[in-house]
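*Asks:* fold the following.
(4 chains)
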2 protein chains.
Amino acid sequence: MATGRPPRPATRGRGIPEATVARLPLYLRALTALSERSVPTVSSEELAGAAGVNSAKLRKDFSYLGSYGTRGVGYDVEYLVYQISRELGLTQDWPVVIVGIGNLGAALANYGGFASRGFRVAALMDADPSLTGRSVAGIEVRHIDELETVVEDSGVSIGVIATPAGAAQQVCDRLVAAGVSSILNFAPTVLSVPDGVDVRKVDLSIELQILAFHEQRKAAEELSREVAAPAAGEAAAPAAPPAAAPAAAAARRGDRGPDGDIPAVMPA
Amino acid sequence: MATGRPPRPATRGRGIPEATVARLPLYLRALTALSERSVPTVSSEELAGAAGVNSAKLRKDFSYLGSYGTRGVGYDVEYLVYQISRELGLTQDWPVVIVGIGNLGAALANYGGFASRGFRVAALMDADPSLTGRSVAGIEVRHIDELETVVEDSGVSIGVIATPAGAAQQVCDRLVAAGVSSILNFAPTVLSVPDGVDVRKVDLSIELQILAFHEQRKAAEELSREVAAPAAGEAAAPAAPPAAAPAAAAARRGDRGPDGDIPAVMPA
DNA sequence: CGATCTTTGTGCACGTGTTCACAAAGGCAT
DNA sequence: ATGCCTTTGTGAACACGTGCACAAAGATCG
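*Replies:* As a prediction, the model looks like this:
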């Protein structure tokens, strides 16, 4: 009976699947909106709609956190907001350092969504001496040489890299050496980091290329349909603009996932 | 023989898995770097290293495109660059319209990675009349009212939304109505679109929240380890910087994925 | 020209994530 | 209280993605 307990309970104990973690912020946003409208409870169906996911998936996601719903009623909005916030670690303050204050870095510094959820811009840093001392989004830009000091003094554990690609790995190494163990990388480079350091990447160029792929596929499909069934539904009516109209027509088809959209996946 | 063609062949015929499509741009970038260094051929092992993926995965990915490698040698860099570019639809020009020229929109307009790969900023648009006429990144900002005209005239099929969350859905609807069938959304909102329209989302706040989750988990794990085995392996040796050492120690564990990093997934 | 060595391409097993479908649980009306 | 109605929580089937391991293919060298 001693060994009666599962030796390796499910996915690492109360380990929440990565896919679920990625959706929690989405639920949280939807719930926050409901909270602001003073909606007391919400059903999985409604919330799923607002978050743009399947209701079964949402319920399963929540089941990893515990049984926070009431059958026949739904979920208590305030309570769920708290539980998800806690699970995501948003009940504490996360000082963040942004490195590279170019166009993008400045945009990030100005981004409101930051402070709204436990994140605080502890410092802005750049290698360009002509920038240091200047104020961006009400925060003084400091020179990159102070990076180690800033990380240590402010207890920063999350770093955002918004430098050119060439400088990214170097900055990354310094961040990690200074004690940062989570990095959000906007530079178009593959960062190599030691075990235990999390890297997430945001790459505009990659996203566009993925869209281009699908766009091309849609165009090809449309073309083959026109060839297969010439002058079927839309006749030769829209003979004017060559690009726009056919694209929209191809769109209608809906060959992709269950919803209209597709998951935006990208390896770090 | 007309209908001899497969009506719905397998995973959409030569349908490439979504996960593979998402990695192709990564390979392409690594290959482009090799090409610039005039490297003639590359093995799956080397390329996988440069792209930060498993070599078996890379080979399987390429196998969906065809048999472009030579056993015992590797892949011809130039040839692969071409094949992947073609598959992604980068051999043609993709006019892109950016809506919302705030900090972020301006950063995107200035982003070099755009033009490098078949993408061309056809227009910048904003609802603020005080912005129209002004030049950003050498491109004149036009008023949102001209959106339909621009999309039609330039044959735009990809739109980038960089507006505040409140305006995103409205802009999205107009884009779709005008014929745009691929949208890259930077606004923190769930966009609803008709079937056949692809939406990919980039959300800074969500990425940070996912990082916070892992950061919290690492901290908790570190804590429990210290409690479970006080002064076990690392003694009190690195008693210096309080932040870096513990984090790195927790890191060692490697509880996450096979590689050091985790896939950055996000539903649109 | 055959042996050997390298590297691809892929069958197979495994793990993760998604979806369905339904029993159990709770509220609510009577 | 009892029964009905709604909605959750989850078991099980399925789909997808990953990684191993190896046979086949080709280059290279003696």
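
*Asks:* so which bits of the longest helix anywhere in chain A are buried?
*Replies:* What stands out as the longest helix in chain A, according to DSSP state H, is helix A:204-228. By neighbour count with 16 or more other C-beta atoms under 10 Å in any protein chain shown, helix A:204-228 contains the buried residues A:204-219, A:222. C-beta coordinates here come from the backbone N, C-alpha and C atoms, glycine included.

*Asks:* what does stretch A:162-169 give?
*Replies:* So stretch A:162-169, judged by 16+ other C-beta under 10 Å, has buried residues A:Ala162, A:Thr163, A:Ala165, A:Ala167, A:Ala168, A:Gln169.

*Asks:* sticking with the fifth one, tell me its helix or strand.
*Replies:* Going back to what we said before, that points to A:Ala168. Assessed by DSSP states H and E, A:Ala168 sits inside helix A:165-178.

*Asks:* next secondary structure after that helix?
*Replies:* Heading C-terminal from helix A:165-178 (DSSP H and E), you reach strand A:182-185.

*Asks:* now for whichever helix or strand comes after that following strand, which elements pack on it?
*Replies:* Next in sequence after strand A:182-185, counting helices and strands by DSSP H and E, comes strand A:198-201. Where contact means 3 or more C-beta pairs under 8 Å, 6 or more residues apart in numbering or on different chains; DSSP states H and E, strand A:198-201 is packed against strand A:182-185, helix B:204-228.

*Asks:* repeat that for 10 Å
*Replies:* strand A:158-161, strand A:182-185, helix B:204-228, strand B:264-266 (3 or more C-beta pairs under 10 Å, 6 or more residues apart in numbering or on different chains; DSSP states H and E).

*Asks:* listing partners with orientation, what would you give for the first one?
*Replies:* Translated: strand A:158-161. Applying DSSP bridges, strand A:158-161 is found paired with strand A:94-99 (parallel), strand A:182-185 (parallel).

*Asks:* distance to DNA strand C and mean neighbour count added to those strands, as CSV?
*Replies:* Shown next, in CSV, are those (distance: least, C-beta to the nearest atom of the strand, whole Å; neighbours: other C-beta atoms under 10 Å in any protein chain shown):
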stretch, distance to DNA strand C, mean neighbour count
strand A:94-99, 23, 24
strand A:182-185, 18, 26
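
*Asks:* among those, which is nearest B:Asp195?
*Replies:* Nearest to B:Asp195, of all the strands paired with strand A:158-161, is strand A:182-185, at 32.5 Å by C-beta to C-beta.

*Asks:* restricting to C-alpha, output the closest one in PDB.
*Replies:* Taking C-alpha atoms only, strand A:182-185 is exported to PDB below (Å, rounded to 0.1, in the frame of the first residue of the first chain):
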ATOM      1  CA  SER A 182      14.000  33.400 -19.800                       C
ATOM      2  CA  ILE A 183      14.500  35.200 -23.100                       C
ATOM      3  CA  LEU A 184      12.200  36.600 -25.600                       C
ATOM      4  CA  ASN A 185      14.000  37.000 -28.900                       C
END
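
*Asks:* avg pLDDT for it?
*Replies:* Averaged over strand A:182-185, pLDDT sits at 98.

*Asks:* and what of stretch A:72-80?
*Replies:* Stretch A:72-80 shows a mean pLDDT of 97.

*Asks:* quick one: distance of that stretch to the chain centre.
*Replies:* Centre-to-centre, stretch A:72-80 and its host chain are 25 Å apart (C-alpha atoms, centre = their mean, to the nearest Å).

*Asks:* adding distance to A:Arg174 as columns, could you present the helices and strands packed on strand A:198-201 in a markdown table?
*Replies:* Converted to a markdown table, the helices and strands packed on strand A:198-201 look like this (distance: least, C-beta to C-beta, whole Å):
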| stretch | distance to A:Arg174 |
| --- | --- |
| strand A:158-161 | 9 |
| strand A:182-185 | 11 |
| helix B:204-228 | 18 |
| strand B:264-266 | 22 |
